[in-house]
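Engineer: please find the sequence and the predicted model below.
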Amino acid sequence: MVKKEYWGQGIATKMLEYIRKEALKRGVHCLMLLTDKIHVGFYHKQGFTLLGCNPRGYYGVPDYWFYKIIREPREENFLRD
Ligand SMILES: CC(C)(COP(=O)(O)OP(=O)(O)OC[C@H]1O[C@@H](n2cnc3c(N)ncnc32)[C@H](O)[C@@H]1OP(=O)(O)O)[C@@H](O)C(=O)NCCC(=O)NCCS
């Protein structure tokens, strides 16, 4: 989450890039997240794919589930600490 006065400066994009790089270092191949309706466009723009919607999500507000493959899954990365 980015404070409103800093929106539109590329901060969330940089945060997602940091998460992607850290995840790659740790052997992760897929990022997953859930968000609310107003951010669906943002995550599409970031290359995430919408898996679906839970119409009764967080406190009854619909949740939108996304994933992004950041590299091919490899068996040697499974079940690591
Ligand atoms: C969504 C959010 C993280 C975006 O942060 P940001 O730092 O402004 O994002 P960026 O500047 O990196 O934006 C990247 C691009 O996404 C676009 N974008 C930002 N928010 C968007 C939205 N809600 N829908 C569609 N596009 C969006 C920007 O216009 C920008 O487009 P461009 O590359 O064509 O210029 C920020 O608005 C936020 O924190 N919102 C509140 C989150 C919240 O309330 N969370 C709690 C419930 S989940």
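Structural biologist: It's in.
Engineer: residues near residue 66, how many?
Structural biologist: The local packing of residue 66 (other CB atoms under 10 Å) involves 20 other residues. Yep, even glycine has a C-beta here, placed from its N, CA and C like the rest.
Engineer: and the pLDDT for it?
Structural biologist: In this model, residue 66 is scored at 98, pLDDT.
Engineer: how about it, nearest residue that isn't a chain neighbour?
Structural biologist: For residue 66, ignoring the flanking residues on the chain, the nearest one in space by CB to CB, 6 or more residues apart in numbering is residue 48 at 3.9 Å.
Engineer: how close does the one you found sit to residue 68?
Structural biologist: With distances taken as CB to CB, to the nearest Å, residue 48 is found 5 Å from residue 68.
Engineer: these two: which is more packed in?
Structural biologist: Between residue 48 and residue 68, counted using other CB under 10 Å, residue 48 has the larger neighbour count: 21 against 16.
Engineer: separation between that one and the ligand?
Structural biologist: Counting by CB to the nearest ligand atom, to the nearest Å, the separation of residue 48 from the ligand is 12 Å.
Engineer: ok, now which ones touch that residue?
Structural biologist: Taking CB atoms under 8 Å, 6 or more residues apart in numbering, we find residue 48 in contact with 31, 33, 66-68.
Engineer: hmm, 10 Å instead?
Structural biologist: With contacts taken as CB atoms under 10 Å, 6 or more residues apart in numbering, residue 48 has the following neighbours: 16, 31-33, 35, 40, 42, 64-69.
Engineer: what about the closest residue to residue 39 other than its chain neighbours, how many neighbours?
Structural biologist: The shortest distance from residue 39 to any residue other than its chain neighbours is 7.7 Å, reached at residue 64 (CB to CB, 6+ apart). Residue 64 sits with 20 neighbouring residues when counted by other CB under 10 Å.
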